[in-house]
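# This is the structure alone, sequence omitted:
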C-alpha cells in the first residue's frame, strides 16, 4: 500500500529523529580511569551509621506503620507532650510512638553485619539523648531525675562500649543538655557529661567526636528550657568547648548539628514548625568557630508518620532528579553558614536517611538504595568527610531489619561501597543528569586502581559508557524495586549459614561499551587503571 506524500514525509522525518536519538545514545561517554583527576579526600570511616540513644536505653520510638491508626489532620502537631515526660519529644503526638526494649548489642548477627561495614563510626545520639540521665550506680533509679526523660544504666552503656570496640566503630555522640543539666541560672553544667565521659574512658570506650546539642534548630523539641535561643546556645557551647578542650582534648568537637534548612522550599524548618522557634544555623554557628567540623543533618522529607508537618514525598519520586538533588540543596544552605563562621572546616553529616520520623514505608526497599548510594557519591565529591546513616537497625530506615537484623537492600549497597570505594575522590568525567549518575574513587586496597559507581535512575531506558580496559562488575537490580529482595549480577543476595555473607558474585568484563539496565546500580572495579592519584 502506498503512502500519500505529506504523510510519507512526516513518517520519514519521524524515523530520522528516532535514528538520530538512537545514534546519540550509542555515542557513549568514553571513561578514562587512568587520567581521572583527584577531587578530594574522605575519612576512612566515611560511611558510618547511627544507633539511637533510645535504642540503647529502651523507650518509646517510632511505631510501625501497620500499628498506626488512620490519624486526623494535626496528629503530628502540638499534642501536649513535653520533652521531659518520656512519652514523646515536645510537640509530637505520643500516638506515633510505642515502647521498644533496648537493642541487643551482643547479637552475633548484628555484630557481624556492623563489622562488615567497618571501619566506621557509630553515632549514639538522637533527640532523646538530650534528656538522658547516666546513672553511675549499681542500682539505677526506676524513674529519671527531674529535668530528664530517660535513664542510661551502666550495663547498657558498657554494652555500647563493647559493641563499638567489637565492630571497629568508635563512638560519636552528643551531650545531655536538658533542664536537668542546668543550674538555677539556666546555664548548662558539665557535671553529668563529666561523669558519663569518665566512665566511658575508664572502661575502654573511645568517644571520637561529639556535638553539644542534637538538632538545636528545634531546641524546645530537643528538651531545652522554654525560650532557649541562639544566644543561650552560644553561651552554653562556650562552656562545653572549654570543658572538652581541657579534659578530653583528643575528642573532635562538631557543631552546630542543625537540621531541616535548605535552599529549597521543602525543608521542615523553612518558615518554622508550629509554635516552636527555629534557631537558624547561621545564628548558631556564630558561636561555634572553635569546633573541628561543621555538622548538620539532612532529610529530604518528613515521613508519612508525620503528615501534619507536611513536607512529604512519594515513592514515585524516589528516582527523580528533584529528590536526589535535595542532598545538594541542604549542603548548599549549610555551606553558606560554614563559609561565614567556620571557614575551611570540614563537613560531617551526622544524620541522614530518606525521611525524618522513622523513614517512609519504602525506606527499606530497593528504591531507597538509589538515594543512599547517590547521596554518598554526591557528598564525597563536595568535601563532606563523614556521613552517618540513620539508622543501623531501627525503624523503617534501618540498614538492617529491627527485629531479625536481616540485611535490607541499603545494606548490600553499603557493603559494596565499603569494599570498592576508597578514600580518594576522583572526577569520573561524566556530567550527571536524568538517567545517569557516575562517581569515581580510588579502588579500596589497590594501588593505582579505580572504582566507579554508575547509577541508572531511568525506569525504562538503558544507558551506556565506554571503558578502555578490563574491569570487574557488580550490578544490583530487583525484580520488584519496591520490594526487599535484591539481585547481584542476577544472583539473589541472602545470608548463609551462621550469618555468613554471600559470595558477592562478580562479573569480569572486557574493554568496550557497557550497558546499564534501567533502575540498576553498578560498581566497577578497575585494578589495572594505573591512576597516579591512587598511588
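Happy to help now that I have it. Remember, predicted model here, so these are calculated numbers, not experimental data.

# Every contact and neighbour count from this point should use C-alpha atoms.
Noted.

# Could I get the full set of strands for the stretch 51-200 of the chain?
With DSSP state E, counting those that start in this stretch as the criterion, the stretch 51-200 of the chain has strands at 59-62, 97-100, 122-124, 132-135, 150-153, 171-174.

# For the stretch 401-535 of the chain, which segments count as strands?
Secondary structure of the stretch 401-535 of the chain (DSSP E, counting those that start in this stretch): strands located at 421-426, 436-443, 450-456, 463-467, 471-477, 487-488, 491-492, 507-509, 512-516, 520-526.

# Reformat the ones you listed as TSV; add mean pLDDT and mean neighbour count.
Output for those, formatted as TSV (pLDDT from 0 to 100; neighbours: other C-alpha atoms under 10 Å):
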stretch	mean pLDDT	mean neighbour count
strand 421-426	98	24
strand 436-443	98	25
strand 450-456	98	27
strand 463-467	97	19
strand 471-477	98	21
strand 487-488	98	20
strand 491-492	96	16
strand 507-509	97	13
strand 512-516	97	16
strand 520-526	98	24
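
# could those go into CSV alongside distance to residue 311?
Converted to CSV, the strands of the stretch 401-535 of the chain look like this (distance: least, C-alpha to C-alpha, whole Å):
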stretch, distance to residue 311
strand 421-426, 33
strand 436-443, 26
strand 450-456, 26
strand 463-467, 32
strand 471-477, 29
strand 487-488, 32
strand 491-492, 35
strand 507-509, 41
strand 512-516, 33
strand 520-526, 28
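
# Among these, which comes closest to residue 149?
strand 421-426 (39.5 Å; C-alpha to C-alpha).

# what about this structure, any weak spots by pLDDT?
Within the chain, the ranges that satisfy pLDDT under 70 run 1-26, 70-92, 271-276.

# ok, which stretches of it are helices?
Here the chain has its helices, by DSSP state H, at 5-26, 53-57, 108-116, 154-166, 191-202, 230-247, 281-285, 321-341, 367-381, 409-420.

# Check which helices and strands the fourth one sits against.
With contacts defined as 3 or more C-alpha pairs under 8 Å, 6 or more residues apart in numbering; DSSP states H and E, helix 154-166 has these neighbours: helix 53-57, helix 108-116.

# So what touches the shortest one?
Helix 53-57 is contacted by residues 60-61, 100-103, 124-126, 128-129, 150-153, 156-157, 160, 394 when judged by C-alpha atoms under 8 Å, 6 or more residues apart in numbering.

# among those, which ones are buried?
Using 16 or more other C-alpha atoms under 10 Å as the burial test, the contacts of helix 53-57 include 60-61, 100, 103, 124-126, 128-129, 150-153, 156-157, 160, 394 as buried.

# hmm, back to that, so which of the helices and strands packed on helix 154-166 gets nearest residue 316?
Counting by C-alpha to C-alpha, residue 316 lies closest to helix 108-116 out of the helices and strands packed on helix 154-166; the figure is 30.0 Å.

# which parts of the closest one are buried?
Within helix 108-116, the residues scored as buried using 16+ other C-alpha under 10 Å are 109-116.

# next one: stretch 195-212
Within stretch 195-212, the residues scored as buried using 16+ other C-alpha under 10 Å are 196-197, 199-200, 205-212.

# want to throw those residues into a markdown table with distance to residue 145?
A markdown table is the format used below for these (distance: C-alpha to C-alpha, whole Å):
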| residue | distance to residue 145 |
| --- | --- |
| 196 | 16 |
| 197 | 19 |
| 199 | 19 |
| 200 | 21 |
| 205 | 25 |
| 206 | 27 |
| 207 | 25 |
| 208 | 28 |
| 209 | 27 |
| 210 | 24 |
| 211 | 23 |
| 212 | 21 |
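
# All set now, cheers.
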